[in-house]
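Participant: The sequence and its predicted three-dimensional model are supplied below.
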Amino acid sequence: MDIKPTQKVVFINNKWWVWKTTLSYNVACKLGDKGYKTLLIDADPQCNMTFLSLGKMRYTELGLFWWDTIYRVFERIIQWSWDIQIVQPINIRSNLDLLPWHLSFGDVDDILTTSYGEILSSVSSSRWFMVTSAFQRYINEISLKNNYDIVLIDVSPSMTGSLNKTILLSADFFVTICNPDLFSKQGIVNLWDKILTWKRERKNMELIAARSQNIPFQNMLTDNLTYMWYVVNEFNVYKDEVISDHDMWIKDMSEDLRRISLELSRNWLIELSASSPIGMTQDYSRIAAMGQQKHKPMYEFNDEDVWAKWSMELLHKCKDQMEELVDEFITRISHWWR
């Protein structure tokens with residue numbers, strides 16, 4: 001399916017330990033396998049995506065202490081000296097590139113927070129707008145240069161500071177990753193409230209820029225963010241049925257997710273989002289740990305890699321569920337641009 005122009009997607013929830021990074025990595029690998037040229041961006045200060053994709057040894061061997069990382073993209077902005085640099089991401093497998101995180105990049109959050117504060121206080125300097133739009137402009141430019149179909153962005157669960165705000169407002173879609181429990185449900189509500197607030201702030205920034213009449217259009221942070229719905233993750237199954245405790249939370253969360261869909265989805269996505277999740281990925285037990293150890297997607301393991309019969313059954317479910325998830329992911333994006 002043709003999904004041009006480049007689509008930017010964030011996987012997120014305001015909750016730790018929802019398997020967000022592992023799922024993002026596996027989806028990105030599967031998209032590449034299907035022929036979609038994909039860029040994976042590690043924008044999480046935990047640096048988990050970078051180490052999952054490269055391994056700490058390869059990260060060190062390549063000298064990635066700052067050179068080919070997200071830090072170098074914004075280095076001159078952090079130093080208040082100039083604009084973004086167009087850093088070439090690292091190819092990690094066929095049709096899949098990675099822009100790694102750098103541990104010093106957290107400094108950019110303070111600069112972003114200052115810039116938003118100055119703008120919303122009606123200090124209409126072009127410099128502040130240039131800072132807040134920097135991430136979006138980098139993605140747009142590197143996508144054109146490298147002809148990416150999809151950009152997947154892994155972010156932290158935090159809703160404080162300004163980095164996640166900037167990344168989400170730079171994206172086209174966001175996907176919530178949910179475990180079937182109380183904490184995922186609360187994380188969804190927190191995320192919903194924050195995104196609505198951030199979108200209102202961005203609209204105010206647009207009005208301030210219009211009044212000043214001296215802000216270049218390319219320095220404006222545009223807002224195309226749409227809700228693509230959710231992935232239910234880490235649930236348990238007994239006799240091919242979701243266990244009752246997890247099924248209760250899945251059904252309970254669906255009402256909160258439906259309200260988000262009405263607020264933040266568009267046109268046909270509202271109906272599609274309300275009817276079903278993008279995918280269901282259960283608890284794959286040791287297979288996820290194996291993927292982290294070998295730095296490879298879970299679905300690439302074979303029966304001889306897992307030995308035990310119950311692990312083989314989980315592996316087969318993993319392969320099927322990842323295939324279904326990515327097919328539905330592609331369908332929703334491609335339909336939006338038909």
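Facilitator: That came through, no problem.
Participant: Quick check: buried residues in the one helix or strand Ile119 maps to?
Facilitator: If you go by DSSP states H and E, Ile119 is part of helix 107-120. Across helix 107-120, burial judged by 16 or more other C-beta atoms under 10 Å covers Val108, Asp109, Ile111, Leu112, Thr113, Ser115, Tyr116, Glu118, Ile119. Using the backbone N, CA and C atoms, a C-beta is placed for each residue, glycine as well.
Participant: Dump it to CSV, restricted to CA.
Facilitator: Provided in CSV are the C-alpha atoms of helix 107-120 (Å, rounded to 0.1, in the frame of the first residue of the first chain):
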residue,chain,number,x,y,z
ASP,A,107,19.3,19.6,28.1
VAL,A,108,17.0,20.4,25.2
ASP,A,109,14.0,20.1,27.5
ASP,A,110,14.9,23.2,29.4
ILE,A,111,15.4,25.2,26.2
LEU,A,112,12.1,24.0,24.8
THR,A,113,10.3,24.9,28.1
THR,A,114,11.9,28.4,28.0
SER,A,115,10.9,28.9,24.3
TYR,A,116,7.2,27.9,24.9
GLY,A,117,7.0,30.1,27.9
GLU,A,118,8.4,33.1,26.0
ILE,A,119,6.0,32.6,23.1
LEU,A,120,2.9,32.1,25.3
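Participant: could you point out which element follows that helix?
Facilitator: Moving toward the C-terminus from helix 107-120, the next helix or strand (DSSP H and E) is helix 126-132.
Participant: Please list all residues in contact with Val9.
Facilitator: Applying C-beta atoms under 8 Å, 6 or more residues apart in numbering, one finds that Val9 lies in contact with Ile150, Val151, Leu152, Ile153, Ala171, Asp172, Phe173, Phe174, Val175, Met228, Ile333.
Participant: re earlier: can you put the buried residues of helix 107-120 in TSV and add pLDDT?
Facilitator: Formatted as TSV, those follow (pLDDT from 0 to 100):
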residue	pLDDT
Val108	82
Asp109	85
Ile111	85
Leu112	88
Thr113	87
Ser115	87
Tyr116	87
Glu118	86
Ile119	85
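Participant: so can I have JSON lines of those residues showing distance to Lys20?
Facilitator: As requested, those are arranged in JSON lines below (distance: C-beta to C-beta, whole Å):
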{"residue": "Val108", "distance to Lys20": "21"}
{"residue": "Asp109", "distance to Lys20": "19"}
{"residue": "Ile111", "distance to Lys20": "25"}
{"residue": "Leu112", "distance to Lys20": "22"}
{"residue": "Thr113", "distance to Lys20": "24"}
{"residue": "Ser115", "distance to Lys20": "27"}
{"residue": "Tyr116", "distance to Lys20": "25"}
{"residue": "Glu118", "distance to Lys20": "32"}
{"residue": "Ile119", "distance to Lys20": "30"}
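Participant: Residues touching the helix holding Ile119, excluding its own?
Facilitator: 74, 77-78, 80, 125, 127-129, 131-132, 161-163, 165-166, 201, 204-205, 208.
Participant: So how do I select the buried members of the residues you listed in ChimeraX?
Facilitator: Selection command for ChimeraX covering only the buried members of these, criterion 16+ other C-beta under 10 Å:
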select :74,77,78,128,129,131,132,161,162,163,165,166,201,205,208
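Participant: Just to check, Trp198 is in contact with Ile167?
Facilitator: No: judged on C-beta atoms under 8 Å, Trp198 makes no contact with Ile167 at a distance of 10.5 Å.
Participant: which one of those two has more residues nearby?
Facilitator: Per other C-beta atoms under 10 Å, whichever of Trp198 and Ile167 has more neighbours is Ile167, with 23 against 20.
Participant: any idea how far the helix or strand hosting the more buried one is from the chain center?
Facilitator: Per DSSP H and E: Ile167 is located in helix 163-170. Chain-centre distance of helix 163-170: 10 Å, with C-alpha atoms, centre = their mean, to the nearest Å.
Participant: what's the answer for stretch 49-60, then?
Facilitator: Taking C-alpha atoms, centre = their mean, one finds stretch 49-60 lying 19 Å from the centre of the chain it belongs to.
Participant: cool, and stretch 297-310?
Facilitator: So, by C-alpha atoms, centre = their mean, the centroid of stretch 297-310 is 27 Å from its chain's centroid.
Participant: which residues touch it?
Facilitator: With contacts defined as C-beta under 8 Å, 6+ apart, stretch 297-310 is touched by 22, 25-26, 29-30, 284, 286-288, 290-291, 312, 314-315, 318-319, 322-323.
Participant: mind running it again at 10 Å?
Facilitator: With contacts defined as C-beta atoms under 10 Å, 6 or more residues apart in numbering, stretch 297-310 is touched by 22-23, 25-30, 32-33, 93, 281, 284-292, 294, 311-316, 318-323, 326.
Participant: List the buried residues of that stretch.
Facilitator: Pro297, Met298, Tyr299, Phe301, Val306.
Participant: Tell me the one among these nearest to Gln213.
Facilitator: Pro297 (50.0 Å; C-beta to C-beta).
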